[in-house]
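A.B. asks: test case, fold it:
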Amino acid sequence: MKLGDKTVLICDCEHSMPLDGRSLCAAFGVQESELSLHTNLCRSELESFAGIAAQSPELLVACTQEQQTFAERIDEGGFACRTGYVNIREQAGWSDEGAVAAPKIAALVQEAALETPPVPALSMESHGVCLVYGRDQVAVEAARQLEDRLNVSVLLSDCDDLSLLANMDLMIASGTIIAVAGHLGAFEVNVNRYARMRPSARAQPALDMPRDGAAARCDLILDLTGGQPLFAASERRDGYLRADPADPVAVQKALFQIVDLVGEFEKPRYVDFHADLCAHSRARITGCTRCLDVCPTSAITPDGDTVAIDPYVCGGCGACNSVCPTGAADYDYPSTRHLLERGRALLGAYQVAGGESPVLLVHDARHGAPLIEAMARFGRGLPANVLPFVVNEVTQIGLDFLLAALAFGATRIVLLCTSRQQPELEALAAQTGLCETLMTGLGYESGSVSVLIEDDPTTAETALYGLLKSSARQAKAFRPQKEKRANIVLAASALAETAPAPVDSVPLAPGAPFGTVEVDTDGCTLCLACVSACPTGALNDNPERPEVSFQEGACIQCGLCKNTCPEKVITLKPQFTFTAQVAERQVLYAEEPFECIACGKPFASKSTIEKMLTDLADKHWMFQGKAADRLKMCEDCRVKAHFEDTNQPFAMGERPRPRTTEDYLRAREAGDNLADED
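C.D. replies: Residues are numbered from 1 along each chain as shown. Next up, the predicted model:
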């Protein structure tokens, strides 16, 4: 069967999946003669596979378990064939509802046919310099196992019960790590109470005089203290491994892992940061701190008016992407735009194939995929209307993806997480809550988006089968854009068009990244400090007259305008507006310009001049009388009036003409003595 430029091969895995050729043809929209259904493609039909591969530049095989077998056969034949794989067995066919899963299978194949864009990568290098940090003999024994493969040093928090080595081939010291930073290949460690072991120690360890502030660099850290990890979100720190010293299996597993961390490695650059979109601060006044608040590895730090993201420390959770209101922190593994393209293809193909009430199950490959496999092998499998959608990290999902998936036709979205992610789910919970507020505000039933935190496949399976099937919703597909807020606006507009109870706007909780601003015009002087501080251009001025205008669609509620306003007349009002008015620029306040009393040139707003007169002319001696009139003049007339004032304290008489040599010669001829005049 052809799907664009790809030849699709489908196998029912020795009849273990109840695949019906006629239903599949209807789902794919092809003639029955175009679909060849295989039953043992990886064994008895492998030569048939080879024949197809020899004639096909691109293949899409509906099997992931035996992809190594297929790849080896392609290499043996020397076929110039690009091959992709999609799992229709655990995700669709192996299910109590596998007989009616044809629409899902068609959707999974259509999604897999999309090309994945390349992902930028970083280079990291480790020379094998390893620090084993422990508290007892376990750390020493672990170091002895590593010393033939790595350059090992041992740092112990307690040396009292240490068995001394007859051959002192390890560098052993005592001390406590008080600070550590860095990543694979570039760790920096600071130690207090540092003391090396003396070679003369006999029965008990003897140490040199301890000192504070010792520092060292290493490529790898093996933490066997059993206490608190040295890093927040330590499992995301490349080059840092941690194991419970009381668990020999965990220790050996860590040893097997760390010996392979020598050489050059590539790490994805998870986040594509756009500093020009960042709204962190302006003029040393802090605005948006959303990414700083949710980053579990502290890879994000303030950097002047923006933030800086250390790509080597970034663990790729994507929480910054989910909460960033402008798209400055754009997840790029792959991009959200590609995820939206996949979601549109998956949900669109499912509905075209006749599928009903699609539930999008968003999961990662490390936790979600094994859970789904366990359901398929030992349980009922996934329901036929639950469409699995794999992402790198569930925590990367933001409002733009959630609204778009619902607009594309998903009746529910379930975000499957593990309990180990519990500390990192705050940002995800905020995004799902925001989505729920918008959906219920438009009259849709609650529960459109939910987070399922589950490690047990049986419990997760029961929860998925227990989902109430929502009423069908008209899908409104749109082409995903690169800009985050553009996708949010397009998706929200699509949902508003078919909403059960459409409204113009929905009020949101404080801190939401959408809304308007209100200005107390009685106190506003139109100083335009708010315009200068606004990082997104939501607030703007008018070069022709004193005026401040506002575009709600560009406002991210960062609060910079409110914090900058010297008169404290700005109030934030979080809300989401669905009408076209959100893209229009509205005048918040305007007044007639003040004209210079000398030349008549308009140069400032009336309220600004009145404020200056009130605060200066009536209270300060330097602005009394004629000096007060200069406040009412433009910049040119003000300077002119200042130097024409005969009472100014710095006024001077006419400057004397300089005397030259000719003056002295002329005076000598006339018999005058100019020196006497001096």
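A.B. asks: the bottom helix or strand of this protein by mean pLDDT?
C.D. replies: Taking mean pLDDT, DSSP states H and E as the measure, the chain has helix 674-677 as its least confident helix or strand, at a mean of 58.
A.B. asks: how near is Asp223 to Ser446?
C.D. replies: Look at Asp223 and Ser446: by C-beta to C-beta, to the nearest Å, they are 44 Å apart. Yep, even glycine has a C-beta here, placed from its N, CA and C like the rest.
A.B. asks: more neighbours: the two, which one.
C.D. replies: Asp223 (24 against 9; other C-beta atoms under 10 Å).
A.B. asks: C-terminal to the helix or strand encompassing the more buried one, what's the next element?
C.D. replies: Secondary structure assignment for Asp223, by DSSP states H and E: strand 220-224. Reading on from strand 220-224 to the C-terminus, the next helix or strand found by DSSP H and E is strand 240-242.
A.B. asks: list the helices and strands the strand holding Asp223 packs on?
C.D. replies: Applying 3 or more C-beta pairs under 8 Å, 6 or more residues apart in numbering; DSSP states H and E, one finds that strand 220-224 contacts strand 129-134, helix 137-146, strand 186-196, strand 240-242, helix 248-258.
A.B. asks: tell me where this structure is predicted with low confidence.
C.D. replies: Scanning the chain for pLDDT under 70 picks out the ranges 164-168, 200-203, 206, 471, 616-626, 645-655, 672-678.
A.B. asks: which positions within the helix or strand hosting Glu47 qualify as buried?
C.D. replies: Applying DSSP H and E as the criterion places Glu47 in helix 46-55. Across helix 46-55, burial judged by 16 or more other C-beta atoms under 10 Å covers Leu46, Phe49, Ala50, Ile52, Ala53.
A.B. asks: of all the helices and strands packed on strand 220-224, which lies closest to Leu406?
C.D. replies: strand 240-242 (39.0 Å; C-beta to C-beta).
A.B. asks: how about stretch 311-326 as PDB, C-alpha atoms only?
C.D. replies: Output in PDB follows, covering the C-alpha atoms of stretch 311-326 (Å, rounded to 0.1, in the frame of the first residue of the first chain):
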ATOM      1  CA  PRO A 311      22.200  24.100  27.600                       C
ATOM      2  CA  TYR A 312      24.700  21.800  29.300                       C
ATOM      3  CA  VAL A 313      22.800  21.800  32.600                       C
ATOM      4  CA  CYS A 314      19.300  21.800  31.100                       C
ATOM      5  CA  GLY A 315      17.600  18.500  31.700                       C
ATOM      6  CA  GLY A 316      15.100  18.800  28.900                       C
ATOM      7  CA  CYS A 317      11.900  18.700  31.100                       C
ATOM      8  CA  GLY A 318      10.400  21.500  28.900                       C
ATOM      9  CA  ALA A 319       8.600  23.200  31.800                       C
ATOM     10  CA  CYS A 320      10.000  26.500  30.700                       C
ATOM     11  CA  ASN A 321       8.400  26.000  27.300                       C
ATOM     12  CA  SER A 322       5.000  25.200  28.800                       C
ATOM     13  CA  VAL A 323       4.900  28.400  31.000                       C
ATOM     14  CA  CYS A 324       6.700  30.900  28.800                       C
ATOM     15  CA  PRO A 325       4.000  33.400  27.600                       C
ATOM     16  CA  THR A 326       6.000  34.800  24.600                       C
END
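A.B. asks: returning to what we had before: kindly format the C-alpha coordinates of the strand holding Asp223 as CSV.
C.D. replies: The C-alpha coordinates for strand 220-224 follow below in CSV (Å, rounded to 0.1, in the frame of the first residue of the first chain):
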residue,chain,number,x,y,z
LEU,A,220,32.1,12.4,36.8
ILE,A,221,30.7,12.1,40.2
LEU,A,222,29.5,8.9,41.9
ASP,A,223,27.5,9.7,45.0
LEU,A,224,27.3,6.8,47.5
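A.B. asks: in its sheet, what does it sit against?
C.D. replies: strand 129-134 (parallel), strand 240-242 (parallel) (DSSP bridges).
A.B. asks: Glu76 is nearest to which of the ones you listed?
C.D. replies: strand 240-242 (38.6 Å).
A.B. asks: let me see the ranges of the strands in the stretch 301-450 of the chain.
C.D. replies: 306-309, 329-331, 359-364, 386-391, 412-417, 449-453 (DSSP state E, counting those that start in this stretch).
A.B. asks: quick one on the thing from earlier: who touches the strand holding Asp223?
C.D. replies: The contact list for strand 220-224 (C-beta atoms under 8 Å, 6 or more residues apart in numbering) reads 126, 128-135, 138-139, 142, 146, 150, 180, 184, 187, 189, 229-230, 234, 239-243, 245, 251, 254-255, 258, 261.
A.B. asks: now with 6 Å, please.
C.D. replies: If you take C-beta atoms under 6 Å, 6 or more residues apart in numbering as the criterion, strand 220-224 is touched by 130-134, 138-139, 187, 239-242, 245, 258, 261.
A.B. asks: strand 186-196 and that one, what's the angle between them?
C.D. replies: Strand 220-224 runs at 50 degrees relative to strand 186-196, counting by axes from the mean of the first three to the mean of the last three C-alpha atoms, to 10 degrees.
A.B. asks: could I get the buried residue list for strand 220-224?
C.D. replies: So, applying 16+ other C-beta under 10 Å, buried residues of strand 220-224: Leu220, Ile221, Leu222, Asp223, Leu224.
A.B. asks: what's the offset of that strand from the middle of its chain?
C.D. replies: 28 Å (C-alpha atoms, centre = their mean, to the nearest Å).
A.B. asks: residues near Leu508, how many?
C.D. replies: When neighbours are counted by other C-beta under 10 Å, Leu508 comes out with 20.
A.B. asks: from Ile52, how far out is it?
C.D. replies: 54 Å.
A.B. asks: pipe the buried residues of helix 46-55 into CSV and attach distance to Thr577 per row.
C.D. replies: Listed next are these as CSV, based on distance: C-beta to C-beta, whole Å:
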residue, distance to Thr577
Leu46, 59
Phe49, 55
Ala50, 59
Ile52, 54
Ala53, 54
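A.B. asks: among the residues you listed, find me the one that's closest to Asp96.
C.D. replies: Phe49 (29.8 Å).
A.B. asks: OK, contacts around the most centrally placed residue in the chain?
C.D. replies: Nearest to the geometric centre of the chain sits Asn321, at 2.3 Å (C-alpha atoms, centre = their mean). Asn321 sits next to Ala329, Tyr331, Gln396 when contact means C-beta under 6 Å, 6+ apart.
A.B. asks: cool, and Gly379?
C.D. replies: So Gly379 contacts Glu461 (C-beta under 6 Å, 6+ apart).
A.B. asks: same check, this time on Gly304
C.D. replies: By C-beta under 6 Å, 6+ apart, Gly304 has no neighbours at all.
A.B. asks: what of Val189?
C.D. replies: Here Val189 is in contact with Ile177, Val180, Ala216 (C-beta under 6 Å, 6+ apart).
A.B. asks: and of these, the nearest to Ser16?
C.D. replies: The closest of these, once distances to Ser16 are taken by C-beta to C-beta, is Val180, at 50.9 Å.
A.B. asks: next, the closest one: secondary structure please.
C.D. replies: strand (DSSP: H, G, I helix; E, B strand; the rest coil).
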